[in-house]
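A.B. asks: show me the folded form of this:
(chains A and B)
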Amino acid sequence: MIKAVRGTRDLLPPETGVWNFVEATVREVFRAYNFHEIRTPIFESTELFARGVGEETDIVSKEMYTWEDRGRAESDKGQSLTLRPENTAGVVRAYVEHKLGDRGLQKLYYIGPQFRRERPQKGRYRQFYQIGAEVIGPTAAGSESPARDAEVLTMLADLLDRLGVREWRLELNSVGCKDCRPRFNEALRRALTEPDENGVTLASQMCGDCQRRAVTNPLRVLDCKVPEDQPMIATLPRLSDYLDDGCRTHFAGVTAVLDALGIAYTRNERLVRGLDYYTRTAFEFTHGALGAQNAILGGGRYDGLSEAIGGPPAPGIGFAIGEDRLVMTLAESAAAAGYAAVAPVAYVAPLGAGMNAPAAKLVRELRAAGLVVDLGDETFKIKKSFEGAERVSAKYIVICGEREFAADAFNVKELATGEQVTVPRTELAGKLRR
RNA sequence: GUGGGAGUAGCUCAACUCGGCAGAGCACCGGUCUGUGGCACCGGACGUUGCGGGUUCAAUUCCCGUCUCCCACCCCA
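C.D. replies: Predicted coordinates for the structure are as follows:
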């Protein structure tokens, strides 16, 4: 048997109803904040991700689905293409390519599959779905303002509340900018790798991963979870002490709005993000029901990303929601269940040879009237038609035999009560609607 | 990429310890019941025991390999 490949899966009804509920709610909430949808290609030039996401990140260095696309002619050199591992780089590429900055501040959102070749586990798939949004534009359009960060965070809080997600937590930090972060990085590196009076470095006493990170990416030492390392991490320089005035003021601007709106957050000094492009504001919304993959969504500001891929200065802030994980937290949401459980109002049961055609005509009329109607088959015995109606949870069954079509009036039976009435064709849609 | 657990009917699970015809419940299909359902009874189909190899007269069972899922690390959403 041919099966879905490792790390991919089929989404089946009724669960697809929950996904539709999520996406419909997303579109509604994002629209209220005046975001517009953008759809970018599923694959892009490999170079986009190498430059945008960062050559040194795990995503680019070992998790991408990359292949050589053959050239047009035999002699042409092929082009390296990659299935998108995230969507921000694609959106910024489109922003640059279409000079969207000339139209002012852009508020864009996307919903779609992303691909990373990781070992699958709960809440982690090789094809997974992200819902994301980006605010990006020229500085003059206000793209750098902390008001935009706060607006994005507020929108997310609204979305989670509207979806019925309970017990989410917002963790917030500022990771500094291209000016102050290198200073902090250097201080961190020194603290980790400079020998003390006994000639011993701090890093050498930490776990293997941290010893490696101390050299390659000291920032990541901060979110090490090895218990033995925690006391040593506590002695390291604090990012907040190294933020320059601009970053400090910016962060204060974000929290001032959140405080005024009563949106709860936790300052997490050790929240650093894995993609190179993040600057200043970094955040995560977490949820307890997700096991080790507890981040429902993450995001932050990326003021240098446009330049990194060869575009004009275009500060921005965005996030990505792990839709698979979000749906997991919605298992008990009444709103999602209600949305998913839409049943047809009626099941039309043609009874006897030659009844399929007139029944099809009748059903088409009802559907045109805006009703959700299902249809049986003339070969079904009446018992089987009732079972079919039960199976799809129809409210009514409409019996359509030769007698009914002759009289142009139909027996309508409410399945739950057993109540049955005869209704003329012209009044049928009205009866079913009640 | 690393470590641990698990794969038997569409679903939930037995049988495995100590090798001897692969089973139950639910679901499915048909009938009793020809145009009024849900119940009941009777019957049916249920399977390459994840896949491949080995040991054996005989393997779901023991051994080896492999794949997939789950959990954790890692990473991230």
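
A.B. asks: only C-alpha atoms from now on, for both contacts and neighbour counts.
C.D. replies: Noted.

A.B. asks: what helices and strands are in contact with the host helix or strand of residue A:300?
C.D. replies: Residue A:300 belongs to strand A:295-301 when assigned by DSSP states H and E. Strand A:295-301 is packed against strand A:279-286, strand A:316-322, helix A:323-329, with contacts defined by 3 or more C-alpha pairs under 8 Å, 6 or more residues apart in numbering; DSSP states H and E.

A.B. asks: switch the cut-off to 10 Å
C.D. replies: Helices and strands touching strand A:295-301, by 3 or more C-alpha pairs under 10 Å, 6 or more residues apart in numbering; DSSP states H and E, are strand A:127-136, helix A:146-163, strand A:169-174, strand A:279-286, strand A:316-322, helix A:323-329.

A.B. asks: dump it to CSV, restricted to CA.
C.D. replies: What follows is strand A:295-301, C-alpha atoms only, in CSV (Å, rounded to 0.1, in the frame of the first residue of the first chain):
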residue,chain,number,x,y,z
ALA,A,295,5.0,27.3,21.1
ILE,A,296,1.8,28.0,19.3
LEU,A,297,3.3,30.9,17.5
GLY,A,298,6.4,33.0,17.4
GLY,A,299,7.5,36.2,15.8
GLY,A,300,9.3,39.4,16.0
ARG,A,301,10.8,42.4,14.3
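
A.B. asks: restrict the next helix or strand after that strand to CA atoms and write it as CSV.
C.D. replies: Once strand A:295-301 ends, the next helix or strand along the chain (criterion: DSSP H and E) is helix A:305-308. C-alpha atoms of helix A:305-308 as CSV (Å, rounded to 0.1, in the frame of the first residue of the first chain):
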residue,chain,number,x,y,z
LEU,A,305,15.7,41.6,6.3
SER,A,306,14.8,43.5,3.2
GLU,A,307,18.4,44.8,2.8
ALA,A,308,19.7,41.3,3.4
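
A.B. asks: what lies in contact with helix A:305-308?
C.D. replies: Residues outside helix A:305-308 that contact it (C-alpha atoms under 10 Å, 6 or more residues apart in numbering): A:48, A:50-54, A:88-89, A:92-93, A:95-96, A:136-137, A:276-279, A:311-316.

A.B. asks: among these, which ones are in strands?
C.D. replies: Under the assignment DSSP state E, these contribute A:136, A:279, A:316 to strands.

A.B. asks: which residues does the nearest residue to the first one once chain neighbours are set aside contact?
C.D. replies: When you say that, I think you mean residue A:136. In space, residue A:136 comes closest to residue A:316 once its chain neighbours are excluded; the distance is 4.1 Å by C-alpha to C-alpha, 6 or more residues apart in numbering. By C-alpha under 10 Å, 6+ apart, residue A:316 lies in contact with A:92, A:105-107, A:134-139, A:142-145, A:148-149, A:278-279, A:300-306.

A.B. asks: can you flag the buried ones in those?
C.D. replies: Listed as buried from the contacts of residue A:316 are A:92, A:105-107, A:134-139, A:142-145, A:148-149, A:278-279, A:300-306; burial here means 16 or more other C-alpha atoms under 10 Å.

A.B. asks: filter those residues by proximity to RNA strand B?
C.D. replies: Among the buried ones among the contacts of residue A:316, no residue lies close to RNA strand B (C-alpha under 7 Å from any atom of the strand).

A.B. asks: least trustworthy helix or strand in chain A by mean pLDDT?
C.D. replies: When the helices and strands of chain A are compared on mean pLDDT, DSSP states H and E, helix A:334-340 comes out lowest with a mean of 68.

A.B. asks: so what are the sheet partners of the very next helix or strand once past that one and their directions?
C.D. replies: Later in the chain than helix A:334-340, the nearest helix or strand by DSSP H and E is strand A:346-351. Using DSSP bridges, the strands paired with strand A:346-351 are strand A:373-375 (parallel), strand A:396-401 (parallel).

A.B. asks: deepest in the core, which of those strands is it.
C.D. replies: With neighbours defined as mean count of other C-alpha atoms under 10 Å, these peak in mean count at strand A:396-401, which reaches a mean of 24.

A.B. asks: as a whole number, average confidence for that one?
C.D. replies: The predicted model gives strand A:396-401 an average pLDDT of 95.

A.B. asks: same question for stretch A:277-287.
C.D. replies: On average, stretch A:277-287 scores 91.

A.B. asks: just give me the closest of the ones in strands among the contacts of helix A:305-308 to RNA strand B.
C.D. replies: residue A:279 (13.0 Å; C-alpha to the nearest atom of the strand).

A.B. asks: in contact with the closest residue to RNA strand B within the stretch 51-200 of chain A, which residues?
C.D. replies: For the stretch 51-200 of chain A and RNA strand B, the shortest gap (C-alpha to the nearest atom of the strand) falls at residue A:122, measuring 2.8 Å. If a contact means C-alpha under 10 Å, 6+ apart, then residue A:122 has A:290-293, A:324-325, A:328 as its contacts.
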